[in-house]
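Engineer: pasting a predicted model and its sequence here:
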Amino acid sequence: MKSTIDTAIHFLPAGTPGSVAQSWNRAALAAQVAAAALKMGLGPDLTREQMSGLAQVIRDGGKRPLSADTEQAIRAALQAPLTVDHDPREIAEALFSRLPDAPLPVVGPDGSRYMVVAVPVG
């Protein structure tokens with residue numbers, strides 16, 4: 001799935017402000033780059049070149065440079081995931097400080113790792 005403003009405009013509710021669409025795109029791209037990085041055994045210490053290369057593949061060859069905010073969102077997505085064992089205050093802090101620009105990595109009850117991406121609904 002390509003992550004562009006065009007993608008967000010067609011995915012998000014009509015009338016969604018551009019800044020919200022940009023946040024969603026950033027989080028969606030960060031989640032995709034992080035998922036690819038994890039498959040390669042990479043973590044939050046991956047290089048800018050590695051991030052850019054993975055983003056280029058995800059963007060179907062697009063060579064736009066990643067913004068500092070997008071790089072930060074990718075690194076946030078690669079942090080240790082939250083689990084049901086975390087303190088609820090810690091979960092709330094992570095949720096409300098990272099969203100909507102960065103995915104929140106979590107481990108579900110089945111042990112699978114997920115990236116929570118905020119999808120605006122209105």
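Structural biologist: Structure received.

Engineer: drop to CA atoms for contacts and neighbour counts, all remaining ones
Structural biologist: Fine.

Engineer: buried set for the longest helix along the chain?
Structural biologist: Using DSSP state H to define each element, the chain has its longest helix at helix 18-39. Of the residues in helix 18-39, 20-37 count as buried by neighbour count, 16 or more other Cα atoms under 10 Å.

Engineer: can you name the next helix or strand after that helix?
Structural biologist: The C-terminal neighbour of helix 18-39 among helices and strands, as given by DSSP states H and E, is helix 48-58.

Engineer: what average pLDDT does that next one get?
Structural biologist: Average pLDDT, helix 48-58: 92.

Engineer: tell me the mean pLDDT for whichever helix or strand comes after it?
Structural biologist: Per DSSP H and E, the first helix or strand lying C-terminal to helix 48-58 is helix 68-77. Per-residue pLDDT over helix 68-77 has a mean of 95.

Engineer: ok, and what's touching helix 68-77?
Structural biologist: 26-27, 30-31, 33-34, 43-45, 48, 51, 98, 101-105, 115 (Cα atoms under 8 Å, 6 or more residues apart in numbering).

Engineer: and the following helix or strand past it, which residues are buried?
Structural biologist: Reading on from helix 68-77 to the C-terminus, the next helix or strand found by DSSP H and E is helix 88-98. Buried residues in helix 88-98, counted by 16+ other Cα under 10 Å: I91, A94, L95, R98.

Engineer: the third one contacts L104, correct?
Structural biologist: Yes: A contact is recorded between L95 and L104 when judged using Cα atoms under 8 Å, the distance being 6.7 Å.

Engineer: coming back round to it: the longest helix of the chain packs against which elements?
Structural biologist: With contacts taken as 3 or more Cα pairs under 8 Å, 6 or more residues apart in numbering; DSSP states H and E, helix 18-39 sits against helix 5-11, helix 48-58, helix 68-77.

Engineer: format the buried residues of helix 88-98 as JSON lines; extra columns: distance to T70 and pLDDT.
Structural biologist: Converted to JSON lines, the buried residues of helix 88-98 look like this (distance: Cα to Cα, whole Å; pLDDT from 0 to 100):
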{"residue": "I91", "distance to T70": "22", "pLDDT": "93"}
{"residue": "A94", "distance to T70": "17", "pLDDT": "92"}
{"residue": "L95", "distance to T70": "17", "pLDDT": "90"}
{"residue": "R98", "distance to T70": "12", "pLDDT": "88"}
